[in-house]
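> attaching a predicted model along with its sequence, questions to come.
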Amino acid sequence: MAANGNGRVSTGNGGTGRNGLAKIQTQKRADGVCHDDSTPPVKAQTIDELHSLQKKKSAPTTPIDGIQGPFAAVSEEERSKQQLQSISASLASLTRETGPKVVRGDPAAARKSETPRAVSHHHVSPSISVSDSSLKFTHVLYNLSPAELYEQAIKYEKGSFITSTGALATLSGAKTGRSPKDKRVVRDETTEDDLWWGKGSPNIEMDEHTFMVNRERAVDYLNSLDKVFVNDQFLNWDPENRIKVRIVSARAYHSLFMLNMCIRPTPEELENFGTPDFTIYNAGQFPCNRYTHYMTSSTSIDLNLARREMVILGTQYAGEMKKGLFSVMHYLMPKRQILSLHSGCNMGKDGDVALFFGLSGTGKTTLSTDHNRYLIGDDEHCWGDNGVSNIEGGCYAKCIDLSREKEPDIWNAIKFGTVLENVVFDEHTREVDYTDKSVTENTRAAYPIEYIPNAKIPCVGPHPKNVILLACDAFGVLPPVSKLNLARTMYHFISGYTALVAGTEDGIKEPQATFSACFGAAFIMLHPTKYAAMLAAKMQKHGATGWLVNTGWSGGSYGSGSRIKLAYTRKIIDAIHSGSLLKAEYKKTEVFGLEIPTEVEGVPSEILEPSNTWPDKKAYKETLLKLAGLFKNNFQVFVSHKIGKDDKLTDEILAAGPTF
């Protein structure tokens, strides 16, 4: 092979190379240079200089409100200064009047350059006791992108890995679920008369002083770090009633989790963000002092509604932030005559909206995720004068036993940007094993709602037509579907019933009734009857219909009967959406007084009446009375709370319960 005019190699008579092959010789001619990708070298003198050319500066250009004239555009430095002043004020301690000196950017990058320049506003005046903390900077990593947060997590947080689909797998530490017994609410003039206190309430009280002790501990811990993550975001897709929240945390994982779960501001909205309505101080790596009054462990999640602040100590489980803010919305929204709801919500092509309530295992996620309908949200909503709106900007899905076949939308949403909590994966391929419970059964994925293909953006819709209460009745005595009048809707909404199948370790197979007021007792702040009265008023005003749907057993209790087929439940839900079920003929059941249809298209008529499906009628009656008794006992805690003029509403709700 001879070299040609283009300067090709030659394997002519140049001797023998290794293995007896002809030796390759290059005979490059002066005019045969290849110019395909030749460019002048970069002008950088050092590797750091080269790296600085790699990143394009992204600076917002939108003016801040209130600045007029030709010089309205605010400089990057001025805008940054205003943000830092606001963050410094958020991090102010009782012993530091203005908060710490804060500066933007990663301390690792700052160390390479000169000492960061502090904004003059943040200079701390000498006070009675000046500690070394007044000499240091707290670096603020402000509203980082998912890519930046990935880098921070992988570099600095042990247990953070990129999985085969691009999601970020991370660990929440010793706590892999919420700690409801460690949640406290400040009882003061603001909350004394408003909040639900006492028996059955999730609100465990603490005083203002103890809150401030814990706040000081959290703020001091955060200020002692080289860097903190700050997210400024929104709650509630209704622009008239959205809440501005600031989350200050020590972990990239927490920052990315909240970036996914809250509503993400546009660059313009971020520039005009101003002072937040509510602030979370997440110092979860640091324990509370167990000798502090009201503390029962080294974990404490504290809400102060007067100060509009939440403090987290001793738990790194990210769900505490999500549900803490949900509790706040349960307090703030009803004050505006907006009903906060622990529900799923979807909308048909014609604009008909349905709300889905249900405890764990009732099928709320499965039934509200419908490819023929738009998803407004999977968990938290508001119902106001403008219709319904999702509180959140993302979804927090359970991952245990997740499969592509059963939950394709969730499966496909687990990609770059998604946080995977406490999952187990193959150390080489990084493929997640969703059946593995080695860390916890409560494995979770947090992702933006846009990752669901049929999500409705913005996540708002008109007033609901149907309110669907789901119960997985393992006793097998509730009908597959029944239509509820307003009083019965309120009764079953306040009850929040489902039945769990007991563990079989000791051979116990008796179902266990579970009641959770308003289908979310752990998060409500006011008395359940207040939310129920608001629900009834809105349903009445906008003509919504209440339904009770049993996704549990038929033909006997768990162990003797069988689970109602999902295909039948879907047919029932379809008939509710289409409005055809409203036109059906109805008859009343005994004891619970429920109205059941005589026929539903695609569903065997005999299963619509539970007593038909039980071979042992005596056992059916005994089980029915047993469940009715459990309902009655559970409702005793709500009987003393009077609502409505002349207690008329209370009497109506009580009359809607089982009679026997």
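Sure, I can see it.

> which residues does A153 contact?
By CB atoms under 8 Å, 6 or more residues apart in numbering, the residues touching A153 are S160, L168, T170, R251, A252, Y253, L256. For every residue, glycine as well, the C-beta is placed using N, CA and C.

> list the contacts of R308.
So R308 contacts D277, F278, T279, V328 (CB under 8 Å, 6+ apart).

> can you rerun that using 6 Å?
By CB atoms under 6 Å, 6 or more residues apart in numbering, the residues touching R308 are F278.

> measure it to L375 for me?
R308 is 30 Å from L375, where distance means CB to CB, to the nearest Å.

> closest one of the contacts of A153 to D48?
Nearest to D48, judged by CB to CB, of the contacts of A153 is A252 at 23.7 Å.

> check the gap between that closest one and R242 for me.
Where R242 is concerned, A252 sits at a distance of 26 Å (CB to CB).

> which one of these two is surrounded by more residues?
Between A252 and R242, counting by other CB atoms under 10 Å, A252 is the more crowded of the two (26 against 19).

> A147 is in contact with the more buried one, correct?
No: at 11.3 Å, A252 does not count as touching A147 under the criterion of CB atoms under 6 Å.

> could you tell me which residues touch both of the two?
By CB under 6 Å, 6+ apart, no residue touches both A252 and A147.

> rewinding a little: highest neighbour count among the contacts of A153?
For the contacts of A153, the largest neighbour count, defined by other CB under 10 Å, is 29 neighbours, found at L256.

> how about it, nearest residue that isn't a chain neighbour?
Nearest non-adjacent residue to L256, counting by CB to CB, 6 or more residues apart in numbering: L149, 4.3 Å away.

> assign that neighbour to helix, strand or coil.
State at L149, reduced to three classes by DSSP: H, G, I helix; E, B strand; the rest coil: helix.

> that one and G105, how far apart?
15 Å.

> higher neighbour count, those two?
Under the neighbour definition other CB under 10 Å, L149 and G105 were set side by side, and L149 has more, 25 against 16.

> what is the neighbour count of H51?
Using other CB under 10 Å: H51 sits among 11 other residues.

> quick one: the strands in the stretch 351-500 of the chain?
Along the stretch 351-500 of the chain, counting by DSSP state E, counting those that start in this stretch, strands occupy 353-357, 374-377, 380-384, 387-390, 394-398, 419-421, 424-425, 432-433, 444-448, 460-461, 464-471, 481-484, 497-501.

> any idea which helix or strand carries P334?
Using DSSP states H and E, P334 sits in helix 319-335.

> likewise H577?
Short version, using DSSP H and E: H577 is in helix 566-578.

> now that helix against strand 464-471, angle please.
Relative orientation of helix 566-578 versus strand 464-471 (axes from the mean of the first three to the mean of the last three CA atoms, to 10 degrees): 150 degrees.

> distance between the next helix or strand after helix 566-578 and the chain's centre?
Downstream of helix 566-578, the first helix or strand assigned by DSSP H and E is strand 586-588. The chain centre lies 40 Å from the centre of strand 586-588; the measure is CA atoms, centre = their mean, to the nearest Å.

> pull up the pairing partners for strand 586-588, direction included.
strand 595-597 (antiparallel) (DSSP bridges).

> quick check: mean pLDDT of the partner strand?
Per-residue pLDDT over strand 595-597 has a mean of 97.

> contacting residues around the helix or strand following it?
Downstream of strand 595-597, the next assigned helix or strand under DSSP H and E is helix 610-613. With CB under 6 Å, 6+ apart as the test, helix 610-613 has contacts from V477, P479, S554, G555, E606, I607, Y620.

> now helix 610-613: buried residues?
Using 16 or more other CB atoms under 10 Å as the test for burial, helix 610-613 gives P610, T613.

> may I see the buried residues of the next helix or strand after that helix?
Going down the chain from helix 610-613, the next helix or strand is helix 617-639, by DSSP H and E. Within helix 617-639, the residues that count as buried by 16+ other CB under 10 Å are Y620, K621, T623, L624, L627, A628, L630, F631, N634, F635, V637, F638.

> before we move on, what about stretch 365-377?
T365, T366, L367, S368, T369, D370, R373, Y374, L375, I376, G377.

> check stretch 188-204 too.
Those would be D188, T191, D194, L195, W196, S201, P202, N203, for stretch 188-204 by 16+ other CB under 10 Å.

> which SS state does the fourth one fall under?
At L195 the chain is in coil, as set by three-state DSSP.

> from P334, how far out is it?
Separation of L195 from P334 (CB to CB) stands at 11 Å.

> could you do the fifth one as well?
Using CB to CB, we find W196 at a distance of 12 Å from P334.

> what's the answer for the last one, then?
As for N203, its distance to P334 is 15 Å (criterion: CB to CB).

> cool, the third one as well?
Between D194 and P334 the computed distance is 9 Å (CB to CB).

> so who does A44 touch?
Taking CB under 6 Å, 6+ apart as the criterion, A44 is in contact with L50.

> and I468, how many residues sit next to it?
Counted with other CB under 10 Å, the neighbours of I468 add up to 26.

> quick check, it in contact with F356.
Yes: between I468 and F356 a contact is recorded at 5.1 Å, counting by CB under 6 Å.

> got the contact list for W237?
By CB under 6 Å, 6+ apart, the neighbours of W237 are S389, N390, P458, C459, V460.

> quick check: pLDDT value at the residue lying closest to T569 once chain neighbours are set aside.
Setting aside the residues directly before and after it, T569 is nearest to T551 in space (CB to CB, 6+ apart), at 5.4 Å. The per-residue pLDDT reported for T551 equals 96.

> who does V230 bridge with?
Beta-bridge pairing for V230 (DSSP bridges): Y142, V248.

> could you check how many residues crowd around it?
Counted by other CB under 10 Å, the residues lying close to V230 total 23.

> list the contacts for it?
Counting by CB under 6 Å, 6+ apart, V230 makes contact with I87, V140, Y142, V248.

> any of the residues you listed buried? List them.
Judged by 16+ other CB under 10 Å, buried ones among the contacts of V230: I87, V140, Y142, V248.

> from those, which has minimum pLDDT?
Lowest pLDDT among the buried ones among the contacts of V230: I87, with 91.

> coming back round to it: just the ones of the contacts of A153 in helices?
Within the contacts of A153, membership in helices is found for A252, Y253, L256, as judged by DSSP state H.

> could the residues you listed go into TSV alongside pLDDT and distance to T418?
Listed next are the ones in helices among the contacts of A153 as TSV, based on pLDDT from 0 to 100; distance: CB to CB, whole Å:
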residue	pLDDT	distance to T418
A252	98	14
Y253	98	12
L256	98	9
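
> closest one of the residues you listed to Y586?
Proximity of these to Y586 (CB to CB) peaks at L256, which lies at 49.8 Å.

> and the gap between the closest one and L594?
Remark: distance between L256 and L594 (CB to CB) = 45 Å.
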